[in-house]
Each structure stands twice: as structure tokens, then as C-alpha cells.
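**Student:** generate a structure from the sequence data that follows.
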Amino acid sequence: MSGEKSYIFNEETRSYEIDRRSVRAPLLKTGAVLVAGLVFFLLYFFVFNQILGYETPKALFLQSRNEALAGQIAQLDDRIEMEEQELRDLALRDNLVYRPVFGMAEIPFETRSTGFGEERYAEYLGLDHQDLMTATARRMDMLAHAAYIQSVSYDEVKVLSARAGDMASCIPSIYPVNPKTVQLTSPFGARYHPIRQAIVVHEGVDLAGPAGQPVYATGDGVVESTQINFSGYGNVIVIDHGFGYKTRYAHLKEIKVTEGQVVIRGDRIGTLGSSGLSTGPHLHYEVIYRGVQINPWNYLNPDISPEEYNKTARNG
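**Tutor:** Reported below is the predicted structural model:
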């Protein structure tokens, strides 16, 4: 019967004693079975994995899961590529159409595509497909940043578009002096400077006429600066009209406005003179769009009648 002890007769002690061999036998048998099982398992794993080249079920499961995750990341990359292209199209239209219409500067590509430092992606180090995961996370961050910049830009355009009706009155579009009392003595562009005696770029037009006659604001705006000089432009006024436009009125005899003053098209802002570097009474007039001087002649109507001009000029 299992679990019963066996006895043997000891000749020396002349008595029956427990047979120790009967106790160790089951333990040895159990140990032998365990060792044999372990050896068989190791042999099976070695033959299955190293000789036959098969993966273990767990390894196959993990490999299948990794491949599925890699496929999902690849699909996400494709989706990100589509979104990036749409944002690039929006940014191009924003820079070339919407913002210029309202005189707003373009948003540089570098500003739209700014990313983050490598420390942001340290959590992916050491993981399977770490390069793929890091690249995808970086693209998602850049996409989110570009979308935010585009959203801010559209908000700015929306604010200015609400003032679109004001734009017509802000664009400089009348003569700064009565066109019937002055004559064009120096056009826009390269010319021979009578004082410097060299070819220089003339960034405005010179309108010569009697000293002291009124000079008018050519569009609605705010007086950005006034300066009284004895050289260069002499007495000069700069008006910011918004929508990217500014105008400069130089060589004035008198300045009739102050910095920060709001002016309306046709307001009298000064008088024609010969201050600064000048050979005679005239007005040097500039139109500046988005920081660049452009030909004012494109904004002037030389056929306007004195009556029409007098109606436009508010304080003649």
C-alpha cells in the first residue's frame, strides 16, 4: 500500500528497522522525472528554435502584434502626409492671396514648420520601431503647430476682412497737392541727383509748386511720425494707412499734425516747402507698401478737375 513503511531485520542489533531505501526511492524517482522533463524541454526548444528555425508561439504572437502596430503607424503616416499637403496648400493660398489683399506680411515657412527638441521623444528610445515612432510623433507635433499658426493667421485675416469697407478710403489715391498748381519734376526710379551729382534711386515723386500751398493726406490713417530736420528729407510726415500702406511727405515748410493723430483723406497736414536737402520748393511724396517704396504715379489721377479736387480736399 502506497505510503506504508518497509522494515528490514538488522543482524547487528537483532531488531527490525525502517528500510531507508523505501523512503528515498519515490523522491529519486520524482527528481528523475523532473530532470528528464527539463532536459526534454530544453532539447525540444533547441531543435525547434535553433535547428528548425521556428519561433515559439509567444514569440510568434509578439512578432505578429509588432507587425500590426507597424502597419497602423504606416497608415497614420499616410494620413499625416495628406493633412500636411492640405496645410501646405492652405499656407500657400494664405501667403499669396489672403494676407497680401489686406497688406499683411507673409508668414515664413520656418515659422509654420517649427518643431520640438529631441528630448520630447525620449520615451520612444529602446522600443521596437523607435525610429518610426519618433518620426511619426515629430510629424504629428509639427502638423499640430502648423495648424495652430494657420488658425491664428485666419483669425487675423478675419479681423481685417471685417474692415474691408474701410480699405477703399485708406488706400492713398489722390494727389497730395492740387495737381493744377504743381508739376512733376522728378519721377519714381533711377535718376541723376542734382546735389549729390550721382545716379541714385528716387523712391518717390517730386511735385514742384509755390511754397506754402496746402499738402493733404492721400488716404485715411494715423500719423506715424513727424520730424523736423535741416538735412535729408527736411520736415517730413509719415502716415500709416493700415492694410500695409504708408505715405511719406517730405521737404515741408510747415507740419500741421502731430504723431498719433487720426487723419481723413483730404485733411490738410502741412504746407509745401524746401526744407532739408532741396534745390527749391517741392513736395517729395512716397507710397510705401509692406515696407517697400512703390511708384506713387500708379495711385494718382492726373485728369482730376480742380473742382473735383477741391471737393476731395477738406481743409484747402
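
**Student:** so residue 206 makes contact with residue 280?
**Tutor:** No - in this structure, residue 206 is not within contact of residue 280 by CB atoms under 8 Å, at 9.7 Å. In this view, the C-beta of every residue, glycine as well, is placed from N, C-alpha and C.

**Student:** who has more neighbours out of these two?
**Tutor:** Shown here are residue 206 and residue 280; by other CB atoms under 10 Å, residue 206 has more neighbours (22 against 13).

**Student:** assumed the more buried one was part of a strand.
**Tutor:** Yes - Residue 206 sits within a strand when classified using DSSP: H, G, I helix; E, B strand; the rest coil.

**Student:** roughly how far does the closest residue to it other than its chain neighbours sit from residue 203?
**Tutor:** Nearest residue to residue 206, sequence neighbours excluded (CB to CB, 6 or more residues apart in numbering): residue 186, at 3.8 Å. Separation of residue 186 from residue 203 (CB to CB, to the nearest Å): 11 Å.

**Student:** what does residue 91 give?
**Tutor:** 31 Å.

**Student:** now do residue 106
**Tutor:** Taken as CB to CB, the span from residue 106 to residue 203 is 22 Å.

**Student:** just for the protein, where's the confidence low?
**Tutor:** The chain contains residues with pLDDT under 70 at 1-29, 31-33, 35-63, 191-196, 302-308, 310, 312, 314-316.

**Student:** so where do the helices sit in it?
**Tutor:** All helices of the chain, identified by DSSP state H, fall at 20-45, 57-93, 99-101, 109-112, 130-161, 164-170, 306-312.

**Student:** what sits up against the fourth one?
**Tutor:** Okay, so that is helix 109-112. 91, 145, 146, 149, 150 (CB atoms under 8 Å, 6 or more residues apart in numbering).

**Student:** one more pass at 7 Å, please.
**Tutor:** 91, 146, 149 (CB atoms under 7 Å, 6 or more residues apart in numbering).

**Student:** so residue 268 touches residue 212, yeah?
**Tutor:** No - look at residue 268 against residue 212 with CB atoms under 7 Å: they stay out of range, at 11.9 Å.

**Student:** neighbour count winner among these two?
**Tutor:** Neighbour tally, residue 268 and residue 212, criterion other CB under 10 Å: the higher count belongs to residue 268, 17 against 11.

**Student:** and the gap between the most centrally placed residue in the chain and residue 271?
**Tutor:** Central residue of the chain (CA atoms, centre = their mean): residue 112, 2.4 Å from the mean position. Remark: distance between residue 112 and residue 271 (CB to CB) = 47 Å.

**Student:** do the same with residue 88
**Tutor:** 52 Å.

**Student:** these two: who's more crowded?
**Tutor:** Relative neighbour count places residue 271 above the other of residue 88 and residue 271, with 20 against 14, counting by other CB under 10 Å.

**Student:** for the more buried one, give me its contacts.
**Tutor:** 212, 213, 214, 215, 252, 253, 254.

**Student:** switch to 6 Å and redo it
**Tutor:** Applying CB atoms under 6 Å, 6 or more residues apart in numbering to residue 271 gives the contacts 212, 253, 254.

**Student:** then residue 206?
**Tutor:** Contacts for residue 206 were tallied using CB under 6 Å, 6+ apart; they are 185, 186, 282, 284.

**Student:** out of those, give me the one that has the most neighbours.
**Tutor:** residue 282 (24 neighbours).

**Student:** contact partners for it?
**Tutor:** 206, 208.

**Student:** how much space between it and residue 272?
**Tutor:** Applying CB to CB to residue 282 and residue 272 gives a distance of 7 Å.

**Student:** chain center to stretch 180-194: distance?
**Tutor:** Its chain's C-alpha centre and that of stretch 180-194 lie 41 Å apart, by CA atoms, centre = their mean, to the nearest Å.

**Student:** so which bits of it are buried?
**Tutor:** 181, 182, 186, 188 (16 or more other CB atoms under 10 Å).

**Student:** over to stretch 272-285?
**Tutor:** 272, 273, 274, 275, 276, 277, 278, 281, 282, 283, 284, 285.

**Student:** surely the second one meets residue 250?
**Tutor:** In this case it means residue 273. No - contact criterion CB atoms under 6 Å: residue 273 and residue 250 do not qualify, at 9.6 Å.

**Student:** pretty sure residue 295 sits against residue 184.
**Tutor:** No - with contact defined as CB under 6 Å, residue 295 does not reach residue 184; the gap is 11.9 Å.

**Student:** show me where the stretch 151-300 of the chain has its strands.
**Tutor:** 183-186, 189-193, 198-202, 205-208, 214-216, 221-227, 235-242, 245-255, 262-263, 268-272, 282-289, 292-294 (DSSP state E, counting those that start in this stretch).
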